[in-house]
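**Student:** the sequence and its predicted three-dimensional model are supplied below.
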Amino acid sequence: MTANHAAPAFAAIMLLTGVGIPILAALNGGLGARLGSPMAASMILFGLAFLIAAAGALMTGSFGAVRFTGDIPVHFYFGGLFVAFYVIAVTFIAPRFGVGNAIFFVLVGQLVSAATIDHFGLFGAIRSTIDLKRIAGIALMIAGVWLARRTG
């Protein structure tokens with residue numbers, strides 16, 4: 001299946017992933033508040049995530065592909081740092097700042113970062129240069145999210 005044929009399925013999966021991010025923030029923030037420790041809640045989340053990922057790797061026969069090797073540039077292993085930073089930050093901040101407010105800033109950061117990665121083709125991403133139309137679209141998305149978060 002080519003990327004063009006898979007685009008609707010990919011879009012649906014990513015939409016569901018987007019739906020899950022604020023749910024993760026609310027659930028893990030609530031767990032951290034009830035435990036009295038955002039770090040403990042984050043450890044529980046990562047423990048469960050590890051078990052699920054390990055089960056998936058075992059079921060697909062890809063467990064043997066897990067390795068650290070000099071053949072792969074070290075920066076490709078840093079994704080875990082960003083996931084940990086996100087989970088710990090949102091677990092601590094969302095209950096104090098509001099899930100919507102926390103996710104608003106996450107979305108703005110994602111828009112800017114994604115456009116930059118695509119523009120420069122960083123980390124092997126497909127290049128998609130930033131032009132005025134794309135900048136306007138990103139600005140409209142940011143304005144839309146900001147307007148959706150305003151109260152009163």
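**Tutor:** Yes, it's here. Numbers count the residues shown, from 1 in each chain.
**Student:** would you mark the buried spots in the worst-scoring helix or strand of the chain on mean pLDDT?
**Tutor:** Ranking every helix and strand in the chain by mean pLDDT, DSSP states H and E puts helix 132-149 at the bottom, with a mean of 88. Residues 138, 145 are the ones in helix 132-149 that count as buried (16 or more other Cβ atoms under 10 Å). Every residue, glycine included, has its C-beta placed from N, CA and C.
**Student:** same question, stretch 41-53
**Tutor:** 41, 42, 45, 46.
**Student:** make CSV out of these and add pLDDT, secondary structure and distance to residue 12.
**Tutor:** Below are the buried residues of stretch 41-53 laid out as CSV (pLDDT from 0 to 100; DSSP: H, G, I helix; E, B strand; the rest coil; distance: Cβ to Cβ, whole Å):
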residue, pLDDT, secondary structure, distance to residue 12
41, 96, helix, 29
42, 96, helix, 28
45, 96, helix, 24
46, 96, helix, 26
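**Student:** reformat those residues as CSV; add distance to residue 121.
**Tutor:** Formatted as CSV, the buried residues of stretch 41-53 follow (distance: Cβ to Cβ, whole Å):
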residue, distance to residue 121
41, 36
42, 32
45, 32
46, 30
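**Student:** from those, which is closest to residue 7?
**Tutor:** Distance to residue 7 across these (Cβ to Cβ) is lowest for residue 45, with 30.3 Å.
**Student:** how near is that closest one to residue 54?
**Tutor:** Going from residue 45 to residue 54 by Cβ to Cβ, to the nearest Å gives 15 Å.
**Student:** now swap in residue 103 and tell me
**Tutor:** Distance of residue 103 to residue 54, given as Cβ to Cβ: 28 Å.
**Student:** neighbour count winner among the two?
**Tutor:** residue 103 (22 against 12; other Cβ atoms under 10 Å).
**Student:** name the element that one belongs to?
**Tutor:** For residue 103, the enclosing helix or strand under DSSP states H and E is helix 99-120.
**Student:** and the contacts of that helix?
**Tutor:** 21-22, 25-26, 29, 86, 90, 93-94, 122-123, 125-130, 134, 138, 141-142, 145-146, 149 (Cβ atoms under 8 Å, 6 or more residues apart in numbering).
**Student:** how about stretch 28-35?
**Tutor:** Residues from elsewhere that reach stretch 28-35 (Cβ under 8 Å, 6+ apart): 38-42, 44-45, 87, 90-95, 99.
**Student:** thanks a lot, see you next time.
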